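Trainee: Could you look at this predicted model? Sequence included:
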Amino acid sequence: MAEKIPKPVSKRLVSYYMCLERLIDEGVEVVSSEELAKRLDLKASQIRKDLSYFGEFGKRGVGYNVEHLYNAIGEILGVKKEWKLVVVGAGNIGRAIANYAVMREKGFRIVGIFDNDPSKIGKEVAPGLIVKDVSDLERFVREEGAEIGVIAVPADHAQGVAERLEKCGILGILNFAPVKIKVSVPVENIDITAALRVLTFEIVRRSR
Ligand SMILES: NC(=O)c1ccc[n+]([C@@H]2O[C@H](COP(=O)([O-])OP(=O)(O)OC[C@H]3O[C@@H](n4cnc5c(N)ncnc54)[C@H](O)[C@@H]3O)[C@@H](O)[C@H]2O)c1
């Protein structure tokens, strides 16, 4: 896809996909942009504009065929494919991710988990997942064809781990460390404290 898609659009696209999944479960066959907008607390014009990046989906005055739109967005999001993940850092976060079974159902398979602490290497942290020595990371990623790297190491190790992941061919990084990492592959940051700050800001603002 040559055109650059703004980040907020890709985030909303995921929310459309999840909403359409719920509509399918509810047995809804056709939905208007107005109805989608109501469910997602957005403007219908926003939804139409977002979808127009990817083609023509709905029929004017009729709405969207739910299953068709769901499949089309799924295609755009790459959900049909099973993605192979490696986790670096087998601490609290790394182990929690490794045990998050729903990821597998959604097409994200953790193929390896790595650490540099000898007391953790060789231990089974999730069913079938034994912690490997991080010195084996590059060879493993290449041989397994892993595509996504999850960074769950302390902040001061995150950049180094990211560079190693990038060099051995990882295509994207999910970063839990509270630090900005600089690599040329896409990075998605999960910063729980930052999210809590946004939440407390909103709570404080409302109580004023
Ligand atoms: N625990 C939380 O609630 C939480 C929440 C948000 C973000 N985070 C962030 O996520 C990251 C992990 O947190 P945690 O609580 O799991 O920490 P942790 O200390 O429990 O685990 C970190 C693991 O990384 C390993 N490690 C360190 N350097 C390494 C390297 N170079 N290569 C491979 N392994 C290495 C350590 O041996 C350890 O097992 C941290 O950056 C933390 O700030 C944690």
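Mentor: In hand now; what should we look at?
Trainee: what about the longest helix in the chain?
Mentor: helix 7-25 (DSSP state H).
Trainee: where do the helices sit along this protein?
Mentor: 7-25, 33-40, 44-52, 66-77, 92-98, 102-105, 137-144, 155-167, 192-207.
Trainee: Mean neighbour count, those: which tops it?
Mentor: helix 92-98 (a mean of 19; mean count of other C-beta atoms under 10 Å). For glycine as for every other residue, the C-beta is placed from the backbone atoms N, C-alpha and C.
Trainee: Against which helices or strands is it packed?
Mentor: strand 83-88, strand 108-115, strand 124-126 (3 or more C-beta pairs under 8 Å, 6 or more residues apart in numbering; DSSP states H and E).
Trainee: Does the longest helix of the chain pack against any helices or strands, and if so which?
Mentor: Using 3+ C-beta pairs under 8 Å, 6+ apart, helix 7-25 is in contact with helix 33-40, helix 44-52, helix 66-77.
Trainee: would you turn those into TSV with distance to the ligand and mean pLDDT?
Mentor: Shown next, in TSV, are the helices and strands packed on helix 7-25 (distance: least, C-beta to the nearest ligand atom, whole Å; pLDDT from 0 to 100):
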stretch	distance to the ligand	mean pLDDT
helix 33-40	27	95
helix 44-52	30	93
helix 66-77	25	94
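Trainee: would a markdown table of those with distance to residue 143 be doable?
Mentor: Shown next, in a markdown table, are these (distance: least, C-beta to C-beta, whole Å):
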| stretch | distance to residue 143 |
| --- | --- |
| helix 33-40 | 42 |
| helix 44-52 | 39 |
| helix 66-77 | 27 |
